[in-house]
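Undergrad: below is the structure, and that's it, no one-letter string:
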């Protein structure tokens, strides 16, 4: 692996988010990408395919996303750090493989660059794949999902996703969007080891050394069960373990939330627009703050409750219809704090628009006083 | 100080190329930059728009409601970009193409005969350099030397073969700057 280290020296670069993901996967020592083209993730594939001869990596373009999902599982079963990337309708049909990874607890890394939905809709942007990413498929959401908001995070969390996946053995997702995919901004790319990040080794499931039952536990890879009880037992174990590791996995950001009267809760790129809004509102003397879940599955309920405690109102801007708002509602169940879902499905929300919404809500609150 | 810039034109007019050069020049000056092209399902044709933001602080969101400067290079681009024109916007459009002048309330509206100048004084190929010059002239957002640096990097090999080409590009940049002065 050492000979084909992708990044020898830390450097500041100006690139698209898709390129940042490809470099992140290279830096993480990902060995193979499987994929099928779909906008806006194409450039991840293009960049990976362009760079792989230089660094001795592999790429397989499959016939569709169903195949891309299952071949990635195949790569993982042979002990490779494998990943795929998709979006929109491709993401929908990849859910079958994602469910299988969930059932078998396989460390598959999926990169999602959300586009407009439902169906083909736009190739541009939305946050409408939030619930699909956290709870798509016929499973129970035994997945780990990081929602990024910048190119630096796309790079950092792509590396992290491989470690989380191989450490905890649940499918792990990096949830980006078309804006993050296509825009260009600066970031620093680095070799994780040089920063003291140890990569969790990948190991084969099939064809492992030793005689099963004698030298090692026999391997049972199942996605089919004969009885309800059998399935219930396996799922109960998976859920129990997921709950146990949840505190180690949860990540969130709380910005000026403590003394805030109005709390904005946003994820992904909209959290970044919200941060801009908070700065502008504070300059105008309005006490606004931001809570941003970075892991959207599992969801940081406790931290959210703490941040929302005693607030006059919680505003939830998102480029989807009440997908994040539903998660927030669930997390805040029983709290005496009103919620305002600011849903703009399929379209970006600027700092100015969030600022305006907060001001409107703030004025209403003043009148009520 | 954050500058919000919109460049819009017909596919093939080089809008994204000059946005990229502008962004690279700002990065070379160690500024915070966010640049996003609009993109749709069409393979060609349609109005191409570039959103570029340049400032000292990290940019909060790739798109914005009103631009500080909006440059539209075709009649359709004028129509498409009017929504981004506000009372603090300098709106620049190519007057050669004889569009209906934009109705939006702007701080200033400037028609520049960029296409005419490219065709008659220089060469049609440097039309986009004239436009880039106009952006520099209207915003002072990056130094012309930084832009020259980026062009040298990108087209260095071509310039070696034909030194006149570099001169032509720089001339077009300067001519564009003059037009909005």
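TA: Thanks, I have the structure now. Nothing here was measured: the structure is a model prediction, and the numbers come from that model.

Undergrad: verify the stated contact: residue A:234 with residue A:226.
TA: No. Between residue A:234 and residue A:226 there is no contact under C-beta atoms under 8 Å: 11.7 Å. Just so you know, the C-beta spots here come from the backbone N, C-alpha and C atoms, and that holds for glycine as well.

Undergrad: so these two - more neighbours on which side?
TA: Neighbour totals were compared for residue A:234 and residue A:226, and residue A:234 leads with 15 against 8 (other C-beta atoms under 10 Å in any protein chain shown).

Undergrad: now do the contacts for the more buried one.
TA: A:222, A:225 (C-beta atoms under 8 Å, 6 or more residues apart in numbering or on different chains).

Undergrad: quick one: name whatever helix or strand follows the helix or strand encompassing it.
TA: Counting by DSSP states H and E, the element that carries residue A:234 is helix A:228-249. Downstream of helix A:228-249, the next assigned helix or strand under DSSP H and E is strand A:252-255.

Undergrad: partners of that following strand, with directions?
TA: strand A:288-293 (antiparallel) (DSSP bridges).

Undergrad: find the residue at the geometric middle of chain B.
TA: The centroid of chain B falls nearest to residue B:132 when counting by C-alpha atoms, centre = their mean (4.4 Å).

Undergrad: ok, that residue to residue B:18 distance?
TA: The gap separating residue B:132 from residue B:18 is 4 Å, by C-beta to C-beta, to the nearest Å.

Undergrad: re the thing from before, buried residues in the helix holding residue A:234?
TA: A:235, A:238, A:242, A:245, A:246, A:249 (16 or more other C-beta atoms under 10 Å in any protein chain shown).

Undergrad: what count of nearby residues applies to the residue of the stretch 201-350 of chain A at minimum distance from chain B?
TA: Among the residues of the stretch 201-350 of chain A, residue A:276 lies closest to chain B, at 2.9 Å counting by C-beta to the nearest C-beta. A total of 21 residues lie near residue A:276 under the criterion other C-beta under 10 Å.

Undergrad: the spatially closest residue to it that is not a sequence neighbour sits in which helix or strand?
TA: Leaving aside its sequence neighbours, residue A:276 sits nearest to residue B:60 (C-beta to C-beta, 6 or more residues apart in numbering or on different chains; 2.9 Å). Using DSSP H and E, residue B:60 sits within no helix or strand.

Undergrad: contacting residues for residue B:60?
TA: Here residue B:60 is in contact with A:272, A:273, A:275, A:276, A:277, A:279, A:351 (C-beta under 8 Å, 6+ apart).

Undergrad: quick check: of these, which has the highest neighbour count?
TA: residue A:277 (31 neighbours).

Undergrad: give the buried residues for stretch B:99-119.
TA: B:99, B:102, B:104, B:106, B:109, B:110, B:111, B:112, B:114, B:115, B:117, B:118.

Undergrad: mind checking how far the last one is from residue B:172?
TA: Relative to residue B:172, residue B:118 is positioned 7 Å away (criterion: C-beta to C-beta).

Undergrad: what do those two both touch?
TA: B:126, B:127, B:130.

Undergrad: by neighbours, which of these wins?
TA: residue B:130 leads these on contacts (other C-beta under 10 Å) with 28 neighbours.

Undergrad: please name the nearest non-neighbouring residue to that residue.
TA: residue B:176 (3.9 Å).

Undergrad: what's the helix or strand hosting that neighbour packed up against?
TA: Counting by DSSP H and E, the element that carries residue B:176 is helix B:163-180. In terms of contacts (3 or more C-beta pairs under 8 Å, 6 or more residues apart in numbering or on different chains; DSSP states H and E), helix B:163-180 is packed against strand B:108-112, helix B:114-120, helix B:127-139, helix B:144-161.

Undergrad: circling back: wait, isn't the residue nearest to the centre of chain B in contact with residue B:144?
TA: No. Residue B:132 lies out of contact with residue B:144 (C-beta under 8 Å); the separation is 9.6 Å.

Undergrad: report the set of residues contacting both of the two.
TA: In contact with both residue B:132 and residue B:144: residue B:173, using C-beta under 8 Å, 6+ apart.

Undergrad: find the closest residue to chain A in chain B.
TA: residue B:60 (2.9 Å).

Undergrad: and the strands in the stretch 251-369 of chain A?
TA: For the stretch 251-369 of chain A, the strands defined by DSSP state E, counting those that start in this stretch occupy A:252-255, A:262-265, A:288-293, A:295-297, A:313-318, A:339-343.

Undergrad: in TSV, list those along with mean neighbour count, mean pLDDT and distance to residue A:208.
TA: Converted to TSV, the strands of the stretch 251-369 of chain A look like this (neighbours: other C-beta atoms under 10 Å in any protein chain shown; pLDDT from 0 to 100; distance: least, C-beta to C-beta, whole Å):
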stretch	mean neighbour count	mean pLDDT	distance to residue A:208
strand A:252-255	18	98	37
strand A:262-265	28	98	44
strand A:288-293	26	98	37
strand A:295-297	24	98	30
strand A:313-318	24	98	44
strand A:339-343	17	97	48
